[in-house]
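> take a look and give me a structure for this.
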Amino acid sequence: MNTLVIVGHPLTGTFTRALADSYADAARDGGADVRVLDLAATPFPHDPETRDELRARDSRDHLPAVIRELIAEVEWADHLVVVYPQWWGTYPAVLKAFIDRVFLSGVSFRYGKGPISERLWAGKTARIVMVMDSPRFWNRLVYRNASETALSRATFGYCGVKTIGITRFTPVRFSTLEKRQGWLRKAAALGRTDAARGRSRASTPALVDA
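Numbers count the residues shown, from 1 in each chain. This is a model prediction of the structure:
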């Protein structure tokens, strides 16, 4: 299974990246073909220069080369894993910019006559891994699970990508080394699970709220 791990943090050397690496290493050991796309180390124009850069209906030639390369990375993947910190109840600007520039009309979806899109990335799966300081109950009751809902439904779902799991590591602030090591082990376990699912081609499991 081709797996693309997207690190949605604007800085390098973070615990978010460590979680991504733990997942990726375990998935590779399990037989998956894994690439890690660290947005902190991947310069790309966050803002389009023209409205045409927000769509690619007939051609992609008008898009910047780096954007075409990022699209190709996502299209290569059977499985997407997005690892990011929750900031202000959602996710960092670099991850939003990546979505805006890559999940384009004519690439990941086509508009239909009504509210339902033609889902061009149907068949892909995704896993969401987030770190935060908010308690789970606060994230659910006050923030209404805003970031993961936006990703799993408004973004992935609209393009046909099925989210198979959401994992929340919290609270990160003041967490102990022992606690973080446990989270790294859990990220590795998720990588092994997804690699095994790819090998067996089993039916997609239900959404997990961890």
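> now the residue nearest to residue 163 when sequence neighbours are not counted, what's its secondary structure?
If the residues on either side of it in the chain are set aside, residue 163 comes closest to residue 152, at 3.9 Å by C-beta to C-beta, 6 or more residues apart in numbering. Every residue, glycine included, has its C-beta placed from N, CA and C. Assigned with DSSP: H, G, I helix; E, B strand; the rest coil, residue 152 falls in the helix class.
> quick check: the gap between residue 152 and residue 80.
In this view, residue 152 and residue 80 are 11 Å apart by C-beta to C-beta, to the nearest Å.
> now do the shared contacts for those two.
residue 126 (C-beta atoms under 8 Å, 6 or more residues apart in numbering).
> can you pull the buried residues of the helix ranked longest in the chain?
The longest helix of the chain (DSSP state H) is helix 177-200. Applying a neighbour-count criterion of 16 or more other C-beta atoms under 10 Å, one finds 180, 183-184, 186-188, 190-195, 197-198 buried in helix 177-200.
> one more: stretch 92-104?
Judged by neighbour count using 16+ other C-beta under 10 Å, the buried positions of stretch 92-104 are 92, 94-95, 97-99, 101-104.
> of all these, which comes closest to residue 148?
Within the buried residues of stretch 92-104, the smallest distance to residue 148 is 12.2 Å, found for residue 95 (C-beta to C-beta).
> if you drop the residues flanking it in sequence, what lies closest to the closest one?
Setting aside the residues directly before and after it, residue 95 is nearest to residue 8 in space (C-beta to C-beta, 6+ apart), at 3.3 Å.
> that neighbour and residue 93 touch, don't they?
No - with contact defined as C-beta atoms under 8 Å, residue 8 and residue 93 do not form a contacting pair (9.7 Å).
> tell me the residue furthest from the middle of this structure?
residue 113 (28.1 Å; C-alpha atoms, centre = their mean).
> from residue 158, how far out is it?
Taken as C-beta to C-beta, the spacing of residue 113 relative to residue 158 amounts to 16 Å.
> got any ranges where this protein has weak pLDDT?
Low-confidence segments of the chain (pLDDT under 70): 201-210.
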